[in-house]
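J.: Next input, structure requested:
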Amino acid sequence: MPLNQQIFLDNRPSGEATASNFRLVRSETPALQDGQVLVRHHYLSLDPYMRGRMNDTKSYAASQPVGAVFQGGTVGEVVESRNDRYAAGDKVVGFGGWQEYSVVDASVLGALRKVDTTHVPLSYYLGAVGMPGVTAWYGLVKIIAPQQGETVVITAASGAVGSAFGALAKARGCRVVGIAGGPEKCRYAIEELGFDACIDYRANPDVKSMSAALKEACPNGIDGYFENVGGYIFDAVMLRLNAFARVALCGMIAGYDGAPLPLANPALFLINRVKLEGFIVSEHMEFWPQALEELGKLVATGKLKPRESIAQGIAAAPEAFLGLLKGRNFGKQLVKLI
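T.: Purely as a prediction, here's the structure:
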């Protein structure tokens, strides 16, 4: 069995996460038992939700254990199998964590899923045709539920969730407005993803300027909002919401280091009869096949053109993750292992 390199959570952050919270270790890969498969990971997924799990606080999921492999999505190839459902060479997506190899009990429902790379690149199953894509689909389709001609807005527009959201919303005849960091990301959202407008939050660093930019980009107000960030941007969006607007609350990355995120005008939820719903996409697995089918078609037909930021090698994962939290990535952040 091969030697395995792994990234452990070494200690919990106090405030901002740093590279010192992680530790690179090497260990022997255990021999396979009946029902298990050995997967060599090709790509690791880096996602904003991981920052919240580093804290030892109450959340929708258990905290990441200290002294254990940092958890996260993976895609790779089966290299050895003692399970009749999998053979060497199968491409699979799973939750193998930040390590080069994982031993997986493939008899556990949902532990692994075979994927077809004929028309969709393997790495996309961690982004546009994976958890982030389904996250965008569920928030848009099941919570915002837009009607043709409505205006929808999303933060982190150029990322893995945002790019899928844009394609899905345009397919439903919406006016789609993104919020992203920097002119290059905004150009990408408009020119390659088909957004109708994109607002650079770096050029609009407070509620007043962001609200003015939203008024210009959304002349008919905002009917649906997909929230990934929180903070002053949420306050600015609240000022532009139409009556009976719907808000899909996916993430609050502005508060992941522990800072409180108070709302300036919560009475607007009542005044505008706004529906706000937080959601965790893993709690809605019954919708994944439907979502993945639509997302796969959008990629195959060129209507969804996701970008990727790729760090090389397992040791690069912590710094790439910290860069993701500061918006340094462009599109889906991955670590390539082979």
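J.: so where do the strands sit in the stretch 51-200 of the chain?
T.: In the stretch 51-200 of the chain, strands defined by DSSP state E, counting those that start in this stretch lie at 74-81, 91-94, 101-105, 112-114, 151-155, 175-180, 197-200, listed in chain order.
J.: likewise the stretch 201-338 of the chain?
T.: Using DSSP E, counting those that start in this stretch, the strands of the stretch 201-338 of the chain run over 222-227, 241-249, 275-278, 308-312, 332-336.
J.: looking at the strands of the stretch 51-200 of the chain, which is buried most?
T.: Among those, the stretch with the highest mean neighbour count (mean count of other C-beta atoms under 10 Å) is strand 151-155, at a mean of 29. Where C-beta positions appear, they are placed from N, C-alpha and C, glycine not excepted.
J.: now the angle between strand 222-227 and it, please.
T.: For the pair strand 151-155 and strand 222-227, the angle between their directions (axes from the mean of the first three to the mean of the last three C-alpha atoms, to 10 degrees) equals 20 degrees.
J.: Looking at residue 129 now. What's its pLDDT?
T.: Residue-level confidence at residue 129 comes out at 96, pLDDT.
J.: Check the burial of it by counting its neighbours.
T.: The criterion is other C-beta atoms under 10 Å. On that basis, residue 129 has 28 neighbouring residues.
J.: Of the strands of the stretch 51-200 of the chain, which is nearest residue 336?
T.: With distances scored as C-beta to C-beta, the stretch of these nearest to residue 336 is strand 74-81 (10.6 Å).
J.: any idea of the angle that closest one forms with strand 101-105?
T.: Here strand 74-81 points in a direction 70 degrees away from that of strand 101-105 (the same axes, to 10 degrees).
J.: How much space separates residue 267 from residue 227?
T.: Spatial separation of residue 267 from residue 227 under the definition C-beta to C-beta, to the nearest Å is 18 Å.
J.: Looking at these two, which is more packed in?
T.: Taking residue 267 and residue 227 together and counting by other C-beta under 10 Å, residue 227 has the greater number of neighbours (22 against 10).
J.: Quick check: bridge partners of residue 6?
T.: According to DSSP bridges, the partner residues bridging residue 6 are residue 25, residue 99.
J.: Could you give the number of residues near residue 144?
T.: 27.
J.: what's it in contact with, if anything?
T.: Contacts for residue 144 were tallied using C-beta atoms under 8 Å, 6 or more residues apart in numbering; they are 152, 223, 224, 225, 226, 246, 247, 248.
J.: Nearest to residue 77, out of the residues you listed: which one, please.
T.: Using C-beta to C-beta, residue 226 comes nearest to residue 77 of those, at 33.6 Å.
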